[in-house]
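Asker: coordinates only, sequence not included:
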């Protein structure tokens, strides 16, 4: 019950901050967001816990491994991408979007098959980035950045629950979404409250 109450308060505060007047001067906060974004990118580069680095490692490993499940997931991902292209060509953008999402999930399944620690490692990297950004902000005024960080912390809670429930692919997907939000923090200051959808589209469009 307490978790639900705190989660509800966090969502309310997050929505209020993100629905603030986007025409208000935020130049100082944008500068802080640029710094925070660099911090997150540095953490991602140092840990390799980003979607592109995991997929790069996946492709490299598949050249030398005969893991049948990983190869099957990749074949499934390619089939979904082919379906997405056909749907797009037919003008059905919603179906194309669904197939792109399924293709992305299939690739994540291959990652988890080969690197079972990927969800935990990525979550730890997100936590490290959030902590370093928090130290950088200190007590300075940055309500929009803090609202995004609050949302990222909530995503981390969701990922930990998924991992504890035996859903590592979901946990990895959520953690990667959180990292992507931090990596594109400046964009997310003006993204309304659909940070999740924006981050997912960016990752899926940059997939294999």
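Answerer: Structure's in. What do you need? Just so we're clear, the structure is a prediction, and the values are computed from it rather than from any experiment.
Asker: all strands in this structure, in order from the N-terminus.
Answerer: Along the chain, no stretch is classed among the strands by DSSP state E.
Asker: what about residue 160, neighbour count?
Answerer: By the criterion of other C-beta atoms under 10 Å, residue 160 has 16 neighbours. Where C-beta positions appear, they are placed from N, C-alpha and C, glycine not excepted.
Asker: And it, how far from residue 119?
Answerer: Residue 160 sits 9 Å away from residue 119, going by C-beta to C-beta, to the nearest Å.
Asker: what residues are shared contacts of these two?
Answerer: Residues touching both residue 160 and residue 119 comprise residue 171, with contact defined as C-beta atoms under 8 Å, 6 or more residues apart in numbering.
Asker: From the chain's centroid, how far away is stretch 158-176?
Answerer: Offset of stretch 158-176 from its chain centre (C-alpha atoms, centre = their mean, to the nearest Å): 12 Å.
Asker: Quick one: mean pLDDT for that stretch?
Answerer: For stretch 158-176, the mean per-residue pLDDT is 96.
Asker: and if you look at stretch 126-146?
Answerer: On average, stretch 126-146 scores 93.
Asker: same question, stretch 111-123
Answerer: Stretch 111-123 carries an average pLDDT of 97.
Asker: Any buried residues in that stretch, and which?
Answerer: Applying a neighbour-count criterion of 16 or more other C-beta atoms under 10 Å, one finds 111-115, 118-123 buried in stretch 111-123.
Asker: Return the subset of these lying in helices.
Answerer: Judged by DSSP state H, these include 111-114, 118-123 as members of helices.
Asker: List just the nearest of the buried residues of stretch 111-123 to residue 50.
Answerer: Ranking the buried residues of stretch 111-123 by separation from residue 50, with C-beta to C-beta as the measure, puts residue 122 on top at 7.9 Å.
Asker: The closest one reaches residue 179, doesn't it?
Answerer: Yes. Between residue 122 and residue 179 there is a contact under C-beta atoms under 8 Å: 6.4 Å.
Asker: who touches both of the two?
Answerer: Listed as contacting both residue 122 and residue 179 by C-beta under 8 Å, 6+ apart are 49-50.
Asker: who's in contact with stretch 159-170?
Answerer: For stretch 159-170, the external contacting residues (C-beta under 8 Å, 6+ apart) are 105, 108-109, 112, 116, 118-120, 123, 171-172, 174-175, 178.
Asker: ok, of the residues you listed, which one's closest to residue 184?
Answerer: Of the contacts of stretch 159-170, the one sitting nearest to residue 184 (C-beta to C-beta) turns out to be residue 178, at 11.6 Å.
Asker: ok, the closest one - contacts?
Answerer: 126, 152, 155-156, 159.
Asker: again, but for residue 145
Answerer: If you count contacts by C-beta under 8 Å, 6+ apart, residue 145 has them with 29, 32-33, 36, 133, 137, 185, 189.
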